[in-house]
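[1] Below are the sequence and a predicted model for it; my questions follow.
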Amino acid sequence: MQKAFLLFILFLQINLYAQKDYFTEASQLFNKGKYFLELKDYTSALKVFKTIVEKYKYSEVSPKAQFFIGKILYNLGNYNLAIEELNKAVKEYPYEDIAPSSYLLMGYIFMKSKDYVRSYLQFQKIIDNYPESKEFVEAKYMSALILFNYINEPKQAFQYFQEIIDKYPNSEFADNSLYWIGEYFYDQKNYSRALTEFQKVIDEYPTGNKVSSALLKKGLCLMNLNKMEMALLTFQKILNQFPETPEAISAEKMINKINEYLKNKEMKETINQLKNSIAELNKNIEELKSFYLGKESLDLLPEEQANLPAFELYKNAKNFYDAKNYNEAIKLFKQITYKFSSSALAPRAQFMLGKIYSDIFNPEKDYTKAIMEFQMVITRFPKSEFADDALYEIGNCYCSFEPKLNQDGLKEYKKAIETYEKFLNIYPQSKLAPYALFKIGICYSSFDKIDNPEGLTEYHLAIASFKKLIDKYPESDLCDNAQYYIAKLYSSYDKERRPYGLKDYKQSLIEYRKLLSKYPDSEFVNYAQQEIENIKNIMSE
């Protein structure tokens with residue numbers, strides 16, 4: 001009995017020493033990773049932190065190591081992988097300090113990618129779940145900034161800015177929040193109140209980073225209040241105190257305009273004429289808007305939906321779309337494009353209307369309507385991030401026919417080609433450019449005996465398009481696919497459907513072998529090997 005007890009004590013001591021070594025090794029590795037991080041040796045730091053996460057998962061430094069993996073990937077510009085690793089951090093360590101830090105960094109990554117809705121959602125998670133964290137005020141400020149500048153929800157943004165000033169007056173975001181409150185009133189054309197807020201920024205935060213901007217807006221407020229001499233003094237102050245800033249350039253322009261105004265006694269009449277012209281133009285715009293949006297045809301929404309802000313309305317519409325409740329989704333997306341036409345979500349909602357009508361799973365899909373909705377994105381929001389996507393989707397609608405998957409699709413290949421070529425001329429740098437070239441090749445190769453008696457020419461044009469894709473975008477994930485189609489087209493021949501096929505088996509062999517050589521990991525390798533054997537058999541007959 002005594003021997004067993006002694007063995008048990010010995011086991012505990014060994015285990016205790018092992019645990020001590022485990023945590024000591026983890027801590028030493030972590031310090032090594034931080035050292036590499038300080039030197040900006042990201043490759044070495046990444047390797048160390050990954051080792052900690054894999055081998056010392058239960059150590060106290062493992063959560064921080066997981067966060068640093070995401071942060072390093074962000075520093076390296078690999079945003080997608082950074083998001084993956086940061087998501088791991090919040091899922092595996094939701095109660096650690098790194099959770100709000102991870103959400104904050106993900107918010108900045110999505111913001112950098114101009115995905116403002118997802119960025120807002122990350123900051124909002126900190127506000128909802130980590131109110132005591134050090135990241136809380138920053139998350140509140142960034143949420144307000146997005147609401148004000150990108151999602152067009154100024155009232156909610158105003159509330160957030162005001163809360164920061166009231167509850168956290170000594171935070172580093174207080175002066176900026178006060179400035180944006182001034183911007184809020186300026187946008188509301190309440191120039192007297194805006195002037196008061198901008199003056200507070202200047203007086204209460206004289207060393208802050210918004211003083212020059214506040215001075216500029218103060219001058220503009222004075223101009224709108226017809227206090228030209230005071231505005232002139234304010235703009236001159238910017239030139240004296242902040243001569244190397246962008247605000248100084250704007251201030252100099254305003255000084256010239258004011259001097260011109262003061263010299264020209266007829267300026268008042270000119271301004272009135274300009275205001276009348278603007279009023280007439282706004283009237284015409286509203287008439288066009290009413291025509292395009294079809295106000296009278298909008299379905300009435302329940303009161304609880306009709307009074308929702310744009311962001312909530314969009315979220316509900318997207319939920320309906322994901323649930324394949326297309327009719328309800330259409331109602332809400334239309335409401336956004338009409339009621340919140342100046343919102344950053346309006347072009348997104350307009351684009352989604354096109355997606356619904358062209359969705360292959362929509363039993364009421366209508367490609368003609370889809371084309372109209374996508375065209376509306378281009379007409380109403382030509383500078384939005386969805387304009388190029390919309391033009392590309394119009395091309396997709398024109399060639400949407402699929403023998404097995406989508407027999408209701410359109411077979412208007414010539415219109416599709418014209419649309420894709422227009423897309424390439426307008427958006428040559430778009431991420432969709434290689435896809436447009438690929439689709440042109442597919443369209444040319446889709447002409448058959450019935451569609452186009454001169455099919456021979458179309459096959460050569462298809463090959464030319466696929467070759468252009470490979471030459472111009474060698475890193476595209478479509479290159480192996482394009483190479484496969486080139487080889488396939490050279491051997492294309494069918495007595496009934498494609499009697500005009502090229503039937504150039506020798507060139508086809510060359511192209512299939514090129515596929516095997518250049519793209520050994522391609523999913524088309526097995527097909528290519530089978531086709532090589534088939535062609536050899538045909539040529540030996």
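    Perfect, thanks for sending it.

[2] Do a quick rundown of the helices in the stretch 351-500 of the chain.
    Remark: helices assigned in the stretch 351-500 of the chain by DSSP state H, counting those that start in this stretch are 367-380, 387-398, 413-426, 433-446, 455-472, 479-490.

[3] which stretch among those helices comes nearest Ser212?
    Among the helices of the stretch 351-500 of the chain, the nearest to Ser212 by Cβ to Cβ is helix 387-398 (34.1 Å). Where C-beta positions appear, they are placed from N, C-alpha and C, glycine not excepted.

[4] now that closest one: how far from the chain's centre is it?
    18 Å (Cα atoms, centre = their mean, to the nearest Å).

[5] which other helices and strands contact that helix?
    helix 345-357, helix 367-380, helix 413-426, helix 433-446 (3 or more Cβ pairs under 8 Å, 6 or more residues apart in numbering; DSSP states H and E).

[6] any idea of the mean pLDDT for that helix?
    In this model, helix 387-398 has a mean pLDDT of 93.

[7] repeat for stretch 45-60
    Here the average pLDDT along stretch 45-60 is 88.

[8] do the same with stretch 484-497
    73.

[9] repeat for stretch 218-234
    91.

[10] sorry, back to before: make a markdown table out of the helices of the stretch 351-500 of the chain and add distance to Ile202 and mean neighbour count.
    Compiled in a markdown table, those are given as follows (distance: least, Cβ to Cβ, whole Å; neighbours: other Cβ atoms under 10 Å):
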| stretch | distance to Ile202 | mean neighbour count |
| --- | --- | --- |
| helix 367-380 | 39 | 20 |
| helix 387-398 | 40 | 23 |
| helix 413-426 | 45 | 19 |
| helix 433-446 | 48 | 23 |
| helix 455-472 | 53 | 19 |
| helix 479-490 | 58 | 23 |
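
[11] Check those for me: which has the lowest mean pLDDT.
    helix 455-472 (a mean of 81).

[12] ok so, going back, can you list the helices and strands packed on helix 387-398 in a markdown table and add distance to Arg118?
    A markdown table is the format used below for these (distance: least, Cβ to Cβ, whole Å):
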| stretch | distance to Arg118 |
| --- | --- |
| helix 345-357 | 12 |
| helix 367-380 | 20 |
| helix 413-426 | 26 |
| helix 433-446 | 23 |
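
[13] Those: which one's closest to Asn327?
    Per Cβ to Cβ, nearest to Asn327 of these: helix 345-357, 9.2 Å.

[14] Tell me which residues are up against that closest one.
    With Cβ atoms under 8 Å, 6 or more residues apart in numbering as the test, helix 345-357 has contacts from 117, 151-152, 310-311, 314, 317-318, 321, 326, 329-330, 332-334, 336-337, 340, 362, 365-367, 369-371, 373-374, 376-377, 380-381, 384-387, 389-390, 393.

[15] Let me see the mean pLDDT of that helix.
    Averaging pLDDT residue by residue across helix 345-357 gives 92.

[16] pLDDT below threshold where in the stretch 1-150 of the chain?
    1-20 (pLDDT under 70).

[17] Okay, helices next: where are they in it?
    2-38, 42-55, 62-75, 79-92, 98-112, 116-129, 136-149.

[18] can you redo those as JSON lines with mean neighbour count and distance to Val201?
    Shown next, in JSON lines, are the helices of the stretch 1-150 of the chain (neighbours: other Cβ atoms under 10 Å; distance: least, Cβ to Cβ, whole Å):
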{"stretch": "helix 2-38", "mean neighbour count": "12", "distance to Val201": "36"}
{"stretch": "helix 42-55", "mean neighbour count": "17", "distance to Val201": "38"}
{"stretch": "helix 62-75", "mean neighbour count": "23", "distance to Val201": "31"}
{"stretch": "helix 79-92", "mean neighbour count": "18", "distance to Val201": "33"}
{"stretch": "helix 98-112", "mean neighbour count": "22", "distance to Val201": "24"}
{"stretch": "helix 116-129", "mean neighbour count": "19", "distance to Val201": "23"}
{"stretch": "helix 136-149", "mean neighbour count": "22", "distance to Val201": "15"}
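
[19] Quick one, which of those gets closest to Lys503.
    Nearest of these (Cβ to Cβ): helix 79-92, 44.3 Å.

[20] I'd like to check what contacts that closest one. Which residues are they?
    So helix 79-92 is contacted by 63, 66-67, 69-71, 73-74, 98-99, 102-103, 105-106, 109, 112-113 (Cβ under 8 Å, 6+ apart).

[21] What segments of the stretch 101-250 of the chain are strands?
    Applying DSSP state E, counting those that start in this stretch to the stretch 101-250 of the chain gives no strands.

[22] Name the residues of whichever strand or helix holds Tyr338 that are buried.
    Per DSSP states H and E, Tyr338 falls inside helix 326-339. Across helix 326-339, burial judged by 16 or more other Cβ atoms under 10 Å covers 326, 328-339.

[23] and that helix, what other elements does it pack with?
    helix 267-293, helix 303-306, helix 310-322, helix 345-357.

[24] for the record, mean pLDDT for that helix?
    pLDDT averaged over helix 326-339 gives 88.

[25] Next, the angle from that helix to helix 367-380.
    Put simply, helix 326-339 runs at 20 degrees to helix 367-380, going by axes from the mean of the first three to the mean of the last three Cα atoms, to 10 degrees.

[26] which residue is nearest the centroid of this protein?
    Asp115 (3.5 Å; Cα atoms, centre = their mean).

[27] quick one: that one and Ile83, what's the gap?
    The gap separating Asp115 from Ile83 is 10 Å, by Cβ to Cβ, to the nearest Å.

[28] again, but for Asn31
    27 Å.

[29] Kindly report the same for Val137.
    24 Å.

[30] and what of Glu244?
    Computed as Cβ to Cβ, the Glu244 to Ile83 distance reads 37 Å.

[31] now do Pro206
    40 Å.

[32] again, but for Gly441
    From Gly441 to Ile83 the distance is 33 Å (Cβ to Cβ).

[33] quick revisit: Ser27: which of the helices of the stretch 351-500 of the chain is closest?
    With Cβ to Cβ as the criterion, Ser27 lies closest to helix 479-490 of the helices of the stretch 351-500 of the chain, at 47.2 Å.

[34] Done for today, thanks.
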